[in-house]
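[1] predicted model follows, preceded by the sequence.
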Amino acid sequence: MNLSPGKRARLERVSNAAGVIAALAIDQRSALRNLLAKAKRTTPEEIPARMLEECKEAVSRILTPHASAILLDPEYGLPAARQRAKNAGLLLAYEQTGFDPTIPGRLPRLLDEWSARRIREAGADCVKVLLYYSPSTPPKINDLKQAWVERVGAECAALDMPFFLELVVYHDGMDEKSLEFARIKPETVVGSLMEFSKPQYGVDVFKIGLAVNMAFVGEGGGSFAYSREEAKRHLRYAGEAARKPFIYLSEGVSNKTFDEGLALAAEAEVRFSGVLCGRATWKDGVEIYAAEGVAALERWLGQEGVLNIRRVNERLRSACPWTAFDGNQTAGSAR
């Protein structure tokens, strides 16, 4: 990991004193709108933009004193960015939310009115894009995605902006929460990390889910995809497949489940470099906000939200600083 001085300085701004990324994510747009709509018993289209902004502002204001950085979106998150704690760096999402289901392949799209330069000028320290990826997707589609990542990587390199690639793995025709997908998730994660660790993509940090689904870790086969020991091997292998620092996302699971996943990664001695944790920290406050307003959300965040983020931060004692990936070291050889 040979970083320019500019990229290194910006990565330091989103890291804690130990060189670990203890970041909070609330760049959700359609997902947050859907959560609010469900809580309000209405349609997503009926949720005003101000509700998304206000929710993000409260999360930023109350929780960033306990985080090294916050990930937000330019569409609804800029007011929240201005309310983050002085200790917290800023990452901004560059992609449009979701994908067009009428077009095969879950193709990514950038925000039309934004560029990496504009993200930097908005005060961000790093650029993040999300990519749905499956190594088994037809090469014609994956070639489009790979070229897309190359373009973003080149744009970030020209501006000395660290490039975070969020990989969301899937398999065509499978429910990502199913036992069927859980069984192939490790190889899907490994294949994706191996591809985008190649130098032409210019990725500096991966944001990735655990290589196993914690709901299917157990003994006895049947309804389980892997034993605890098998799950640890999968986590280690995925860590070794990444040739760049990687941080874990919570994939929408509960705080308890994410905590268990981080504990398993620590037990497996995986060299992860932190987290960008979103819904596992603040999701349970959305219904309170929808029912009782921002003051009630702030009270919940100040109690339960802070406990959630502290629980995650406690697990980061076993994380590895991203500087351990300098030069030609890999996750496997850095021990």
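    In hand now; what should we look at? Numbers count the residues shown, from 1 in each chain.

[2] all strands of this protein, in order?
    21-25, 69-72, 89-93, 126-133, 163-169, 205-208, 246-248, 274-277 (DSSP state E).

[3] could you redo those as JSON lines and give each row distance to Ser4 and mean neighbour count?
    (Glycine included, C-beta is placed from N, CA and C.) Conversion of these to JSON lines gives the following (distance: least, CB to CB, whole Å; neighbours: other CB atoms under 10 Å):
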{"stretch": "strand 21-25", "distance to Ser4": "18", "mean neighbour count": "27"}
{"stretch": "strand 69-72", "distance to Ser4": "19", "mean neighbour count": "28"}
{"stretch": "strand 89-93", "distance to Ser4": "17", "mean neighbour count": "26"}
{"stretch": "strand 126-133", "distance to Ser4": "13", "mean neighbour count": "23"}
{"stretch": "strand 163-169", "distance to Ser4": "12", "mean neighbour count": "24"}
{"stretch": "strand 205-208", "distance to Ser4": "14", "mean neighbour count": "25"}
{"stretch": "strand 246-248", "distance to Ser4": "20", "mean neighbour count": "26"}
{"stretch": "strand 274-277", "distance to Ser4": "21", "mean neighbour count": "28"}
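
[4] which one of those strands lies closest to Glu113?
    Checking those against Glu113 by CB to CB gives strand 89-93 as the closest, at 13.0 Å.

[5] just give me the neighbour total for the closest residue to Ser197 other than its chain neighbours.
    Using CB to CB, 6 or more residues apart in numbering and skipping the chain neighbours, the partner closest in space to Ser197 is Arg243 (3.7 Å). Close neighbours of Arg243, defined as other CB atoms under 10 Å, add up to 21.

[6] coming back round to it: okay, the strands of the chain in JSON lines with mean pLDDT and distance to Phe258 next?
    Shown next, in JSON lines, are the strands of the chain (pLDDT from 0 to 100; distance: least, CB to CB, whole Å):
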{"stretch": "strand 21-25", "mean pLDDT": "98", "distance to Phe258": "12"}
{"stretch": "strand 69-72", "mean pLDDT": "98", "distance to Phe258": "16"}
{"stretch": "strand 89-93", "mean pLDDT": "98", "distance to Phe258": "19"}
{"stretch": "strand 126-133", "mean pLDDT": "98", "distance to Phe258": "18"}
{"stretch": "strand 163-169", "mean pLDDT": "98", "distance to Phe258": "16"}
{"stretch": "strand 205-208", "mean pLDDT": "98", "distance to Phe258": "13"}
{"stretch": "strand 246-248", "mean pLDDT": "98", "distance to Phe258": "8"}
{"stretch": "strand 274-277", "mean pLDDT": "96", "distance to Phe258": "7"}
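
[7] count of neighbours near Glu187?
    Quick note: Glu187 (other CB under 10 Å) scores 17 neighbours.

[8] quick one: pLDDT of it?
    Listed pLDDT for Glu187 reads 98.

[9] for the one 5 residues further on, same thing?
    The pLDDT attached to Ser192 in the predicted structure is 98.

[10] repeat for Gly222
    What the model reports as pLDDT for Gly222 is 78.

[11] all good on my end, thank you.
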